[in-house]
Structure formats: structure tokens, C-alpha cells
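Chemist: below: sequence and its predicted model.
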Amino acid sequence: MDAGDVGLVLIPLLAVAAPLLARGIRPVVRVPIIVFELVLGIVAGPAVLGWIEPTDVLDKLSDFGLAMLFFVAGSEIDFRAVSGRPLARASLGWLVGAVLGIGVGLLLAPGEGMVVIGIALSSTALGTLMPVLRDARELDTPFGRAVTAIGAAGEFLPLIAISVFLSTRTTPIAAAVLLAFVALAALAVLVARRMPHGPLHAFVRLTLHTSEQFGVRVVMMLVAALVGLSVLLDLDMLLGAFVAGAVWRILMARAPRRDADAVESKVEAIAFGLLVPIFFLYTGVTFDLGALLSSQTALLMLPLFLVALLAIRGSAAQLSAPSGASLRDRTALALLAATGLPIIVAVTAIGVDHDMIDSGIAAALVGAGMLSVLVFPVAGMIVRGDRDRLAAPSVRTATPGEL
């Protein structure tokens, strides 16, 4: 067996080990499962033990995992609850954060590299936070809606910035292509709203427990179609995945709750049971630990980036704080808003591939993102005062993931 074959065997084993480790230390502290997936990937990868080597197959599976992570995030956002003023404030906060992040980037990597750093430092990992909010029963609270709005802006707007400012096209052409995608996505949303849903829901119900699994197949078709459209237009594929999730939410909005939950459970099984763990484990495998440890500058930048994430996203998040929010709530909001990783991984990969930033800066940014996922959600929910509820989530909400 070569290193690629070994990876295909070890990745599933590590994916099983991660939740066991997470559950094992839960009585002491709740750590998101992706932290264990990242660490296990680093340990098993070339940086430490060398058991798993990057391969084309794992790379493609990792891309699918990242796409499913954004699909789930898009499908879980209740846009009616966060639209209007909450989303406008969160978008303004992202814009402020992006400007501050570019300012930090200007000091470290003048030129296109400062845009990469600015986008990374202005992102929020909504896909990571949604399960935490769900487990804490915060999704329908003013605090949870504020975090959702911040996360939606902090995950979707960076993707737009990547597509416009880091595209291989000139900026005006890239903006025109993006507008074309937005128009097509809006058309897909309009069709999803206007089309009769009754026959679709009936067919989904008929195939729930058969080999046809029509609902799951429609989900995969939506992801493939909109991700494919993004790639065809030379946009970031995550835009398509995010929009696919929003379209699916609209399609199933009026479905019987029992049927919608059944399909959601199956999709979460594919996402969080298979593809998303591969993405985080493979991120650990491909993490350039050598570039980080061999560069004193990179080691110094890691805590700088972590503090910058908290300062930039945390301060901008205050624009979205619910009316009458206490100091504890504002502090918790800042910590959750500063949680970032998937966008950081995506944008630094683009930056390194196009020689906008060096591997040391990329490793420091990704390392800061990893630490933010390890520290900020736990600290935020402890400050919020929901540690007991987080330690004992309901059976229904514990399934997807511990992400």
C-alpha cells in the first residue's frame, strides 16, 4: 500500500477517534470536534508521523467536505429572522472588519497579500458556530439571531470578496461575472419560491425509506449544479454551495416537519458523518507545520493574528449586539464572532497558490484560525452562562456534529 491508500484507511479511523476524544474530555471542557480532527490530521500527516500523504483523491473529497459544510450553513440560516436591520448591521460590521484587516495586512504583506490577510481576519466560521448555538438552544434567541447574522455576513461576504478581488480576471470583469452569478442564483431562489412544492414533498416522502432517496439526490444535484456554476464562472465554489443550502431550505420550508427532519438527518449524515470530517482531517494533514516552526516571524505572527481576529471581529460584532445586551452578552458575542477557520483555509490556499503570501504567513493565519476554534466558542458560551446546557445537549441536537 502506498501513502495514498494508507490515507484512505486511516482517515475513517481518525474520524471515529475524534468524537471519542471529544466526548471523553467533555466532563472537563467542551471542545469542538473539529479541533481533534485538525490535531489528528497534523499528527498523522507529513508534519509529524508521516502516515498520511496528500493525494488527489483526498484533496477532492476534502473539497466536497468543505462544500457540504457551506451547504449546511446556508440551509440552517433563517433569513427571515436575520434579514433587514440585523443583516445590514452585520454587513456593515464585516466591512469595518475588512478595512481593519487590510490595515493589518498592509503592515505585513503590502500588495495583494494584504487583501488575503484582510479577508481572513474579517471572516466568521458560521458552519462551526451553528451546531454550538443549536446545542445551547440559542438559535431562536436574540443573541443567537445576532450571532447568525454576524456569521452569515462573515462567511458570505468574504466569499464575494475572494471572487472579486482575488480572481484571475481583472476586477471589473470579475465583478460583472459575480453579478451574473447573483442574478442566476436569485432566479434559482425565485423559482424555488414560486414552484409548487406539494408534488416534490410527496415524492420525497414516498422515497424516504427506499433505495431511491429522492430528497438526498435533489440535495446533491443542487450542490453539484450551483458549485459547478461557480467553477464555470471562475468564482469560489463555496458561493454555489452556500446558495444551494438556501435554495434547499426554501424548497422544504412548507414540507411536513417529520419529512423535512428525516431528509435533514440523512444529509447531515453525509456531511458530518463522512465529508466534513475529511475536510478538517485533511486540513490538518496539509497544514504546513514546518513553515510555522521554522520561521520565528511566523511564530510571532500566530498570536498576533489570533489577537487581531478577536479585536477586529469582536469590535465589529458590537454593531449587531441585541438591544439591552449586557457586558457578558457583548463579550460572548465578540468571542463567537472571532471564531474563524474555513474561509481562512480557503483564502490562504489561494494566496499561496498565486504567490500573494508566503507559506509562513499562511501557516500562521491557519494556526490562528485553529486556535480561535479551540478557544473562542468554549470561552464565549462559558461567558454567556450556558456551560451546563452545552455539556448535556439533547439527543436531537447532538447528532450533527459537535462541529
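Modeler: That came through, no problem.
Chemist: what's next to the helix or strand hosting A17, contact-wise?
Modeler: Using DSSP states H and E, A17 sits in helix 3-24. Under the criterion C-beta atoms under 8 Å, 6 or more residues apart in numbering, residues 1, 31-33, 36-37, 40-41, 44, 51-53, 55, 57-58, 277-278, 281-282, 285, 402 lie in contact with helix 3-24. Glycine gets a C-beta too; all of them are placed from N, C-alpha and C.
Chemist: same deal with stretch 280-298?
Modeler: By C-beta under 8 Å, 6+ apart, the list of residues contacting stretch 280-298 from outside reads 7, 11, 14-15, 18, 34, 37-48, 52-54, 58-59, 61-62, 65, 299, 302, 345, 358-364, 366-367.
Chemist: mind giving me the PyMOL select for those, buried ones only?
Modeler: To isolate the buried subset of the contacts of stretch 280-298 in PyMOL, counting by 16 or more other C-beta atoms under 10 Å, use the following:
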select buried, resi 7+11+14+15+18+34+37+38+39+40+41+42+43+44+45+46+47+52+54+58+61+62+65+302+345+358+359+360+361+362+363+364+366+367
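Chemist: where does the prediction get shaky in this structure?
Modeler: When the per-residue scores of the chain are filtered using pLDDT under 70, the ranges that remain are 1-4, 30, 79, 81-82, 167-171, 174, 386-403.
Chemist: give the other helices and strands that the host helix or strand of I270 contacts.
Modeler: With elements taken from DSSP H and E, the one containing I270 is helix 257-270. Counting by 3 or more C-beta pairs under 8 Å, 6 or more residues apart in numbering; DSSP states H and E, the packing neighbours recorded for helix 257-270 are helix 56-76, helix 198-206, helix 214-232.
Chemist: which of these sits closest to P322?
Modeler: helix 56-76 (19.8 Å; C-beta to C-beta).
Chemist: next, the angle helix 3-24 makes with that closest one.
Modeler: 40 degrees (axes from the mean of the first three to the mean of the last three C-alpha atoms, to 10 degrees).
Chemist: output the contacting helices and strands for helix 56-76.
Modeler: In this structure, helix 56-76 makes packing contacts with helix 3-24, helix 126-135, helix 142-165, helix 214-232, helix 237-251, helix 257-270, helix 276-286, helix 342-353, judged by 3+ C-beta pairs under 8 Å, 6+ apart.
Chemist: which parts of that helix are buried?
Modeler: Buried positions in helix 56-76, judged by neighbour count with 16+ other C-beta under 10 Å: 58, 61-76.
Chemist: among the helices and strands packed on helix 257-270, which comes closest to R257?
Modeler: For these, proximity to R257 was assessed by C-beta to C-beta; helix 198-206 is nearest, at 11.3 Å.
Chemist: next, the buried residues of that closest one.
Modeler: Neighbour counts over helix 198-206 (16+ other C-beta under 10 Å) mark 200-201, 204-205 as buried.
Chemist: give me the most central residue, the protein.
Modeler: When the chain is reduced to its mean C-alpha position, the closest residue under C-alpha atoms, centre = their mean turns out to be G127, at 4.0 Å.
Chemist: settle this for me: that one is touching G74, isn't it.
Modeler: No: contact status for G127 versus G74: not in contact, 9.2 Å apart, counting by C-beta atoms under 8 Å.
Chemist: for the spatially closest residue to I25 that is not a sequence neighbour, which residues are in contact?
Modeler: The spatially closest residue to I25, leaving aside those adjacent along the chain, is V31, at 6.4 Å (C-beta to C-beta, 6 or more residues apart in numbering). For V31, the set of contacting residues under the criterion of C-beta under 8 Å, 6+ apart consists of 22, 25, 374, 378.
Chemist: gap between the first one and A349?
Modeler: Spelled out, it's A22. Per C-beta to C-beta, to the nearest Å, A22 is found 26 Å from A349.
Chemist: check the last one too.
Modeler: Separation of V378 from A349 (C-beta to C-beta) stands at 27 Å.
Chemist: secondary structure class for P27?
Modeler: Assigned by DSSP: H, G, I helix; E, B strand; the rest coil, the conformation of P27 is coil.
Chemist: and the helices in the stretch 251-400 of the chain?
Modeler: If DSSP state H, counting those that start in this stretch is used as the criterion, the helices of the stretch 251-400 of the chain fall at 257-270, 276-286, 289-293, 296-317, 327-337, 342-353, 359-384, 387-391, 395-398.
Chemist: thinking again about what came up before, deepest of the helices and strands packed on helix 56-76, which one?
Modeler: With neighbours taken as mean count of other C-beta atoms under 10 Å, the helices and strands packed on helix 56-76 reach their highest mean count in helix 276-286, at a mean of 27.
Chemist: and the angle from that one to helix 126-135?
Modeler: 130 degrees.
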